[in-house]
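Asker: Structure for this input, please:
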Amino acid sequence: MLLLSGCGTNGTITADTPGFFNHYVIYPLSWLIQHIADLFGGSYGIAIIAMTLLIRLALLPLMMRQYRSQQTMKQKMNAMKPELDKLNDKYKGKNDRESLAQKQQEMMQLYGRHQFNPFAIGCLPMLIQIPILSGLYYAIKLTPELAEHSFLWFRLGSPDMVLPFLAAAVYYVQFRVSQIGMDPAQQKQMALMGLLSPVMMLVFSFTAPAAVPLYWVTGGLFVIGQTWLAKKIYKEKDSAIGLPTV
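Answerer: Below is the predicted model of the structure:
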């Protein structure tokens, strides 16, 4: 509901714009963008880049923690896969209620021995970052002063013909970096997403004000570095303790 209240905002954002999400998330971010622009001689392009990086840096510890949690879960799953395969083979073709209940009980015991919690998927960082990044997106899109300024070769309030291709390229590279260390089967499963995300960025950026793809490009470049750093750190740690590497 909070996100929908932000999505329903049209035109510009001010201190008087109604809505909880508008008043407590979008407007404060818009206010910060304007004040950062003042620090850089009125450059709203630099303000967008600075705000995007500041928020991404603030969220970085949460995202690194989420990645570490995901890797721990992956290692535990790999460790118990042989036992899980045996369990599935044991009950293959047995669909009666008693067999299914027994299989579920043995599976829970297996999870307990390996201290594996299938529900501990680390969603909290994602839930925290969604309203913040959504608020920043709408703050950039709805800040009235921003639309009248130019940055580099483009006008922030008008669509640009170059930035969409940059945004698509950045999102494709981001996807490729996320695949480092995956086995071929996983890479094949994710192949469609690797094409869909850049194409969506390309299409949306052609109709959006240039300030929006500038935000996407900046955030995407940061995520590339963040993903590479997480994979490097946890690969080295896993190698040091003899666990499967990512």
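Asker: mind checking how far Lys188 is from Leu59?
Answerer: Look at Lys188 and Leu59: by Cβ to Cβ, to the nearest Å, they are 30 Å apart. In short, each C-beta sits where N, CA and C put it, glycine included.
Asker: which of the two has more neighbours?
Answerer: When neighbours are counted by other Cβ atoms under 10 Å, Lys188 and Leu59 differ, and Leu59 comes out ahead with 18 against 10.
Asker: Excluding chain neighbours, what is closest to the more buried one?
Answerer: Gln129 (5.1 Å; Cβ to Cβ, 6 or more residues apart in numbering).
Asker: OK, contacts around Gly194?
Answerer: For Gly194, the contacting residues are Tyr172, Phe175, Arg176, Gln179, by Cβ atoms under 8 Å, 6 or more residues apart in numbering.
Asker: out of those residues, which one sits closest to Gln71?
Answerer: Among those, Gln179 lies closest to Gln71 (Cβ to Cβ), at 14.8 Å.
Asker: What's the per-residue pLDDT of that closest one here?
Answerer: Per-residue pLDDT puts Gln179 at 79.
Asker: follow-up on the earlier one: would you report which members of the contacts of Gly194 are assigned to helices?
Answerer: Tyr172, Phe175, Arg176 (DSSP state H).
Asker: for the longest helix seen in the chain, packing partners?
Answerer: Longest helix in the chain by number of residues (criterion: DSSP H): helix 44-90. Helix 44-90 makes packing contacts with helix 27-39, helix 97-113, helix 124-142, strand 150-151, helix 211-240 when contacts are defined by 3 or more Cβ pairs under 8 Å, 6 or more residues apart in numbering; DSSP states H and E.
Asker: Now render these as CSV, adding mean neighbour count.
Answerer: Below are these laid out as CSV (neighbours: other Cβ atoms under 10 Å):
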stretch, mean neighbour count
helix 27-39, 18
helix 97-113, 12
helix 124-142, 18
strand 150-151, 16
helix 211-240, 18
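Asker: Glu83: which of these is closest?
Answerer: helix 97-113 (5.7 Å).
Asker: Return the closest one as PDB; C-alpha atoms alone will do.
Answerer: Output in PDB follows, covering the C-alpha atoms of helix 97-113 (Å, rounded to 0.1, in the frame of the first residue of the first chain):
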ATOM      1  CA  ARG A  97      -0.800 -40.100   2.900                       C
ATOM      2  CA  GLU A  98       1.200 -42.200   5.300                       C
ATOM      3  CA  SER A  99       4.300 -42.300   3.000                       C
ATOM      4  CA  LEU A 100       4.100 -38.600   2.300                       C
ATOM      5  CA  ALA A 101       3.900 -37.900   6.100                       C
ATOM      6  CA  GLN A 102       6.800 -40.200   6.800                       C
ATOM      7  CA  LYS A 103       8.800 -38.600   4.000                       C
ATOM      8  CA  GLN A 104       8.100 -35.100   5.400                       C
ATOM      9  CA  GLN A 105       9.100 -36.200   8.900                       C
ATOM     10  CA  GLU A 106      12.400 -37.700   7.700                       C
ATOM     11  CA  MET A 107      13.100 -34.600   5.600                       C
ATOM     12  CA  MET A 108      12.600 -32.400   8.700                       C
ATOM     13  CA  GLN A 109      15.000 -34.600  10.600                       C
ATOM     14  CA  LEU A 110      17.500 -34.200   7.700                       C
ATOM     15  CA  TYR A 111      17.100 -30.400   7.900                       C
ATOM     16  CA  GLY A 112      17.700 -30.500  11.600                       C
ATOM     17  CA  ARG A 113      20.900 -32.500  11.400                       C
END
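Asker: No more questions from me, cheers.
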